[in-house]
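Colleague: Provide a 3D model corresponding to the input given below.
(one chain, ligands or ions: 1)
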Amino acid sequence: MPSFDFDLFVIGGGSGGVRGARVAASLGKKVGIAEEYRYGGTCVIRGCVPKKLFVYASQYSEHFEDAAGFGWTVGESSFDWKKLIEAKDKEIARLEGLYRKGLDNAKAEIFDTRAELVDAHTVKLLKTGQTVTAKTIVIATGGRPNLHTALPGYELCISSNEAFHLKELPKSILIAGGGYIAVEFANIFHGLGVETTLIYRGAEILSRFDHDLRKGLHEAMEEKGIRILCHDIITGVEKVENGLKVRTKNDKPLTVDTVMLALGRTPNTENLGLEAAGVATNEQGAVIVDEYSRTSVSNIYALGDVTDRVQLTPVAIHEAMCFIETVYKNNPTRPDHELIATAVFSQPEIGTVGLTEEDAAKRYPELEVYRAQFRPMKATLSGRSEKMIMKLIVNAADRKVIGAHILGHDAGEMAQLLGVPVKAGCTKDDFDRTMAVHPTASEELVTMYSPSYRIRNGERV
Ligand code: NDP
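Modeller: Numbering: from 1, shown residues only. Okay, the predicted model is just below:
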């Protein structure tokens, strides 16, 4: 038996990598982990966590306005971007510290350096040039914003990475893309007082979500004052005296302070030594893995966004836990990517689990669709014109709830809870038997007694 420096070496200190390293170390394995930037990865350092803090900050403008309807007089308010960045940076540093502490407490060896594969069992630590060997290697290097270098003037644009560290809050911004990041940041910037335009190539934003929510969110965003240009793409960006001039396919030139590209992400696999080690990647550069997260090399695994699966933090963590079960607990466990509840932290929020109406209609011959659209209670006094949408998609054959979709305040929180009954295979009758919690918005989910409409063989009836 050859002897190795480590039982496990993890490349990448994000959600998946840290979880895998920490739990393996706590099981008594000799573990090393290398991170070239900051421990915590995209989620903690420049993704989910700072984004959510920004979302909270951006909601105050509406809170102040709404307060009047409840009898409050709020004095003149102002917003200080630098203060927000400072507070956010402090919190992110605290969380990064916790990630490191967790690894340290478990006795994993932490390396602050880029690491690259030399062969299937050898990793080179670039800072010192040292090489180490490991019996098992995990690649968890995540992804980064796609820069779209073919776009003339791409270098003048920012991505979500820079959005977290802008020196000044721009007066106006154009955000390209219609996915999670574009939509969330459009709402953040608008809430902070930035004149915001979203440009998206498709017919409607958030292409993978239920059509009612997409349309409802689009309308709500436009009503707030966010400009949304669909069926259009940026064709070039150039610097002019008063900002950045943007050309678009539909020839709608506009000038803004900042252009942000949110056009998907690219896996971090370049120059990682994958070829030298024999690890195969797909056309997008993502590491190809089997159902146990094993790469084309039997002792090398890959977790999270560096693989071409679902780009979500909890998914990377789940994949890491399955890796631990499979490799260190003699319990081969496949990550379960079915029925993942997810939220878009737009304003209003989207919370969803299971099939959209469109996808369900392709899969099942008959559906019952329960749909409620209503004004949330808070809006009655605040006077804000906003609508909540709740939808349950039920397979008529066995009455199982196969999709649940919500647009409105706290939809993300509700999606987490709905994830349990939908995953458990609960039927609409189970929902009907459940007593409502009153007065809440979510009681609507258990009080929609008759279908709003049915879909038979793909047709609404
Ligand atoms: P998404 O895949 O959500 O969206 C990418 C967007 O860019 C889509 O609207 C896509 O259009 C568009 N696009 C892609 N290529 C082009 C192109 N060449 N020209 C014009 N438009 C283009 O990616 P994001 O970057 O927003 O987010 C990355 C991932 O991160 C998400 O998939 C999600 O899993 C995760 N994430 C999760 C969050 C959460 O849980 N709340 C928050 C942020 C990110 P089309 O739809 O037509 O393909």
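
Colleague: residue 322 and the ligand, how far apart?
Modeller: With distances taken as C-beta to the nearest ligand atom, to the nearest Å, residue 322 is found 19 Å from the ligand. For the C-beta atoms, the positions are set from N, CA and C on the backbone; glycine is no exception.

Colleague: now the stretch 151-300 of the chain, which segments are flagged as low pLDDT?
Modeller: For the stretch 151-300 of the chain, applying pLDDT under 70 flags no range at all.

Colleague: can you report how many residues neighbour the residue in it positioned nearest to the ligand?
Modeller: Taking C-beta to the nearest ligand atom as the measure, the point where the stretch 151-300 of the chain comes nearest the ligand is residue 179, at 1.9 Å. Residue 179: 18 surrounding residues under other C-beta atoms under 10 Å.

Colleague: do the same with residue 27
Modeller: Residue 27 has 14 neighbours, counted by other C-beta under 10 Å.

Colleague: what sits against it?
Modeller: Residues counted as contacts of residue 27 (C-beta atoms under 8 Å, 6 or more residues apart in numbering) are 324, 328-329.

Colleague: phi, psi of the residue nearest the centre of the chain?
Modeller: For the chain, the residue nearest the mean C-alpha position is residue 312 (5.3 Å; C-alpha atoms, centre = their mean). Note on residue 312: its backbone torsions stand at phi -140, psi 140 [degrees, to the nearest 10].

Colleague: quick one: contacts for it?
Modeller: Residue 312 makes contact with 340, 342 under the criterion C-beta under 8 Å, 6+ apart.

Colleague: show the contacting residues for residue 387.
Modeller: Residue 387 makes contact with 216, 220, 373-375, 407-408 under the criterion C-beta under 8 Å, 6+ apart.

Colleague: by neighbour count, which of those residues wins?
Modeller: Note: the member of the contacts of residue 387 with the most neighbours is residue 407, at 28 neighbours, neighbours being other C-beta under 10 Å.

Colleague: that one and the ligand: what is the separation?
Modeller: If you measure residue 407 against the ligand using C-beta to the nearest ligand atom, the figure is 14 Å.

Colleague: for residue 327, see how far away that residue is.
Modeller: Separation of residue 407 from residue 327 (C-beta to C-beta, to the nearest Å): 41 Å.

Colleague: can you pull the residues of the chain lying near the ligand?
Modeller: 177-182, 184, 200-202, 207, 233, 262-265, 311-312, 342-345 (C-beta under 6 Å from any ligand atom).

Colleague: one step back: which ones among the contacts of residue 387 map onto helices?
Modeller: When DSSP state H defines the helices, the subset of the contacts of residue 387 inside them is 216, 220.

Colleague: got the contacts of residue 387 as TSV, with distance to residue 394 columns?
Modeller: Written out in TSV, the entries for those read as follows (distance: C-beta to C-beta, whole Å):
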residue	distance to residue 394
216	20
220	26
373	18
374	20
375	25
407	19
408	21
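
Colleague: what's the closest of the contacts of residue 387 to residue 451?
Modeller: When the contacts of residue 387 are compared for distance to residue 451 (C-beta to C-beta), residue 373 comes out closest, at 14.8 Å.

Colleague: and the closest one, what does it touch?
Modeller: If a contact means C-beta under 8 Å, 6+ apart, then residue 373 has 216, 387-390 as its contacts.

Colleague: switch the cut-off to 6 Å
Modeller: The contact partners of residue 373, by C-beta atoms under 6 Å, 6 or more residues apart in numbering, come to 387, 389.

Colleague: from residue 460, how far off is it?
Modeller: For residue 373, the distance to residue 460 (C-beta to C-beta) stands at 16 Å.

Colleague: hmm, back to that, and the contacts of residue 27, which of them are in helices?
Modeller: Of the positions in the contacts of residue 27, 324, 328 sit in helices, assigned by DSSP H.

Colleague: save the contacts of residue 27 as a markdown table, and put in pLDDT and neighbour count too.
Modeller: Putting the contacts of residue 27 into a markdown table (pLDDT from 0 to 100; neighbours: other C-beta atoms under 10 Å) gives the following:
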| residue | pLDDT | neighbour count |
| --- | --- | --- |
| 324 | 98 | 21 |
| 328 | 98 | 17 |
| 329 | 98 | 11 |
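
Colleague: buried ones in stretch 367-379?
Modeller: Counting neighbours by 16 or more other C-beta atoms under 10 Å, one finds that the buried residues in stretch 367-379 are 367-372, 376, 379.

Colleague: right, I mislabeled it, should have said stretch 393-408
Modeller: Buried, per 16+ other C-beta under 10 Å, within stretch 393-408: 393-396, 400-408.

Colleague: tell me how far the ends of stretch 205-212 are from each other?
Modeller: With C-alpha to C-alpha, to the nearest Å as the measure, the first residue of stretch 205-212 is 11 Å from its last.

Colleague: for residue 197, helix, strand, or coil?
Modeller: Secondary structure assignment for residue 197 (DSSP: H, G, I helix; E, B strand; the rest coil): strand.

Colleague: surely it and residue 174 touch.
Modeller: Yes: Residue 197 lies in contact with residue 174 (C-beta atoms under 6 Å); the separation is 4.8 Å.

Colleague: name the residue in these two with the higher neighbour count.
Modeller: Summary of the neighbour comparison: residue 197 and residue 174, criterion other C-beta under 10 Å, with residue 174 having more neighbours (28 against 21).

Colleague: can you say which helix or strand has residue 448 in it?
Modeller: Element membership for residue 448 (DSSP states H and E) is empty, with no helix or strand holding it.

Colleague: ok, and the closest non-adjacent residue to it?
Modeller: Distances taken as C-beta to C-beta, 6 or more residues apart in numbering put residue 370 closest to residue 448, at 4.0 Å, once the chain neighbours are dropped.

Colleague: tell me the phi and psi of the one you found?
Modeller: When quoted as degrees, to the nearest 10, the phi and psi of residue 370 stand at phi -100, psi 130.

Colleague: hey, where'd the helices end up in this protein?
Modeller: Counting by DSSP H, the helices of the chain are 15-26, 41-46, 48-67, 81-105, 160-163, 180-191, 211-224, 274-277, 313-328, 357-363, 377-382, 411-424, 428-433.

Colleague: save those as JSON lines, and put in distance to residue 444 too.
Modeller: Listed next are the helices of the chain as JSON lines, based on distance: least, C-beta to C-beta, whole Å:
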{"stretch": "helix 15-26", "distance to residue 444": "33"}
{"stretch": "helix 41-46", "distance to residue 444": "31"}
{"stretch": "helix 48-67", "distance to residue 444": "21"}
{"stretch": "helix 81-105", "distance to residue 444": "34"}
{"stretch": "helix 160-163", "distance to residue 444": "33"}
{"stretch": "helix 180-191", "distance to residue 444": "23"}
{"stretch": "helix 211-224", "distance to residue 444": "14"}
{"stretch": "helix 274-277", "distance to residue 444": "49"}
{"stretch": "helix 313-328", "distance to residue 444": "26"}
{"stretch": "helix 357-363", "distance to residue 444": "17"}
{"stretch": "helix 377-382", "distance to residue 444": "11"}
{"stretch": "helix 411-424", "distance to residue 444": "10"}
{"stretch": "helix 428-433", "distance to residue 444": "11"}
